[in-house]
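**Q** here's a sequence, model it:
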Amino acid sequence: MNKKVLTIGIVLLIVAVVAAGVVMFVFPYNPVQPPKADDVGSTQQGIQQVVNANNQFAFDLYSELVKDEEGNIFYSPYSISAALAMTYEGARGQTANEMKSVFHFPENNILQPNFAAIYNGINKGNKAYELRTGNALWAQYDYKFLDDYTSRVEQYYGGKVANLDFVKETEKSRQTINSFIEEQTNDKIKDLIPQGVLDPMTKLVLTNAIYFKGTWEWEFDESDTRDQDFKITKDNIVKTPMMYMDPDKARFNYADLKKMQILELPYKGEKISMLVLLPKQGEEYDYETDEIINYDYTLEDIELSSEKLNEYKSEMKEIKLDSIHLPKFEFDTKYFLVKTLSDMGMPTSFTFDADFSGMNGIRELFISAVIHQAYVKVDEKGTEAAAATAVIVGKMAAMPQNIFRADHPFIFIIQEKDTGNILFMGRVTDPTK
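**A** A predicted model of the protein is given here:
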């Protein structure tokens with residue numbers, strides 16, 4: 001009996017090991033141990049150029065999202081830039097020029113080693129917090145991509161290739177990619193690619209994921225958190241758990257500017273921090289003029305750009321604050337960015353005029369979808385944030401031929417077929433009248 005149980009146990013163990021091996025085989029690498037990129041040739045100046053490009057895109061995208069999004073907004077500009085930078089490596093001509101403009105990419109000899117240096121820096125590791133990012137290419141197994149393209153993406157972005165079968169195993173491929181993203185983001189980003197996005201014409205999916213979990217250098221005391229008013233607008237007020245801190249010893253980088261206050265909240269490890277830009281509202285007593293000043297600024301009054309942020313930060317000084325009040329919050333977001341990125345200046349990538357011949361040597365690929373999903377939680381202890389981006393590259397279907405579409409004014413004739421005798425003749429300029 002014991003031998004039988006032992007035999008069954010060994011068989012089950014072998015099955016489990018094989019199954020695990022299969023899973024790890026389809027993954028390009030261990031999701032939480034991203035490979036290193038080649039940052040030889042990077043410089044501090046080059047890194048700053050790539051950082052400036054990412055930051056400018058961050059504010060450009062924010063300006064675009066606020067046009068349509070009325071609620072909370074949260075995204076990782078780095079994640080989107082990383083996924084599209086790998087895609088950009090295969091772009092040519094007008095397609096490449098538009099992508100370069102939207103993402104403010106510097107020349108490739110600057111972009112590649114310095115993006116690699118930033119990527120390696122994120123993955124360097126710190127005992128005080130968790131921070132990591134990873135890239136991957138998910139390619140149709142029997143579709144030929146140029147070795148030059150895939151090797152460049154792996155070299156400078158750590159984007160290793162995993163082969164899937166989007167033709168015969170579309171749903172399984174989707175689940176594999178989503179599972180990899182879940183593991184990369186500590187299960188915070190689930191179902192990144194929804195059903196129906198991938199199809200047999202999908203040839204490549206490029207993904208980036210980034211995960212952060214850090215504790216405040218000076219934590220808020222949970223016992224001080226109280227439900228308080230949060231003014232969405234003057235007439236729309238809700239109750240929310242508001243954290244409170246009376247920092248008797250701590251000093252924070254802070255600036256009181258004309259239209260807003262800006263505060264920096266550091267996380268343990270001295271490498272990561274949160275900036276809070278708060279429009280001025282309410283009353284303030286001016287001791288110099290002996291007057292009460294009323295402020296009624298909103299987010300629309302705050303100028304946002306990479307240059308402006310640097311200007312605001314230059315005004316900050318380390319001071320002692322009397323109190324800090326910050327709401328607890330937790331939410332996730334999801335954006336389908338084809339229209340947004342098209343409106344920002346790169347429409348060609350999403351049309352049959354796209355040129356991604358740098359991927360496969362011929363012009364037959366285009367971007368069919370760009371999906372970005374993000375999660376954030378801020379509480380008394382610190383912050384957990386995750387984001388992932390997927391760029392879906394599909395093969396163009398053959399352009400339909402012999403199409404007749406009467407969608408503009410036309411003439412029509414009713415005739416006798418045998419003789420060609422015209423019985424009726426007319427013109428349609430407005431079929432609704």
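**Q** which residues of the stretch 251-400 of the chain score low on pLDDT?
**A** 285, 287, 398-400 (pLDDT under 70).
**Q** where exactly do the strands run in it?
**A** 252-256, 260-266, 273-279, 281-286, 291-296, 317-319, 324-327, 329-336, 365-378, 382-395 (DSSP state E, counting those that start in this stretch).
**Q** so which of the ones you listed is nearest Met86?
**A** Met86 lies closest to strand 382-395 among the strands of the stretch 251-400 of the chain, at 7.6 Å (Cβ to Cβ). In short, each C-beta sits where N, CA and C put it, glycine included.
**Q** show the pLDDT at His408.
**A** Listed pLDDT for His408 reads 75.
**Q** what ranges do the helices span in the stretch 151-300 of the chain?
**A** Counting by DSSP state H, counting those that start in this stretch, the stretch 151-300 of the chain has helices at residues 170-184.
**Q** wait, doesn't Tyr143 sit right on Ile362?
**A** No - with contact defined as Cβ atoms under 8 Å, Tyr143 does not count as touching Ile362 (11.4 Å).
**Q** compare the two (neighbour count), which wins?
**A** Tyr143 (16 against 11; other Cβ atoms under 10 Å).
**Q** which non-adjacent residue is nearest Pro35?
**A** Gly158 (4.7 Å; Cβ to Cβ, 6 or more residues apart in numbering).
**Q** who are the contact partners of that neighbour?
**A** Contacts of Gly158 were listed using Cβ atoms under 8 Å, 6 or more residues apart in numbering, and they are 34-37, 116, 119, 134-135.
**Q** so among the residues you listed, which ones count as buried?
**A** 34-35, 37, 116, 119, 134-135 (16 or more other Cβ atoms under 10 Å).
**Q** among the residues you listed, which are located in helices?
**A** 116, 119 (DSSP state H).
**Q** mind telling me the two of the buried ones among the contacts of Gly158 farthest from one another?
**A** For the buried ones among the contacts of Gly158, and using Cβ to Cβ, no pair is farther apart than Ala116 and Gly134, which are 13.4 Å apart.
**Q** ok, Gln252 - contacts?
**A** One correction, residue 252 is Phe, not Gln. 263-266, 318-321, 324.
**Q** mind doing that once more with 7 Å?
**A** 263-264, 318-319, 321 (Cβ atoms under 7 Å, 6 or more residues apart in numbering).
**Q** list only those of those flagged as buried.
**A** Applying 16+ other Cβ under 10 Å to the contacts of Phe252 flags Leu263 as buried.
**Q** just the closest of the contacts of Phe252 to Asp199, please.
**A** Nearest member of the contacts of Phe252 to Asp199, counting by Cβ to Cβ, is Glu264, at 45.9 Å.
**Q** care to break this protein down by domain?
**A** Using automatic domain parsing, the domain parsing of the chain gives 31-214+330-395, 247-322.
**Q** from start to finish, how long is the last one in a straight line?
**A** Chord length of domain 247-322, first to last residue, is 7 Å (Cα to Cα, to the nearest Å).
**Q** just the buried residues of the helix or strand containing Leu111, please?
**A** Here Leu111 sits within helix 108-122, counting by DSSP states H and E. Residues of helix 108-122 classed as buried: 110-120, 122 (neighbour count, 16+ other Cβ under 10 Å).
**Q** swap in stretch 374-383?
**A** 374-380, 382-383.
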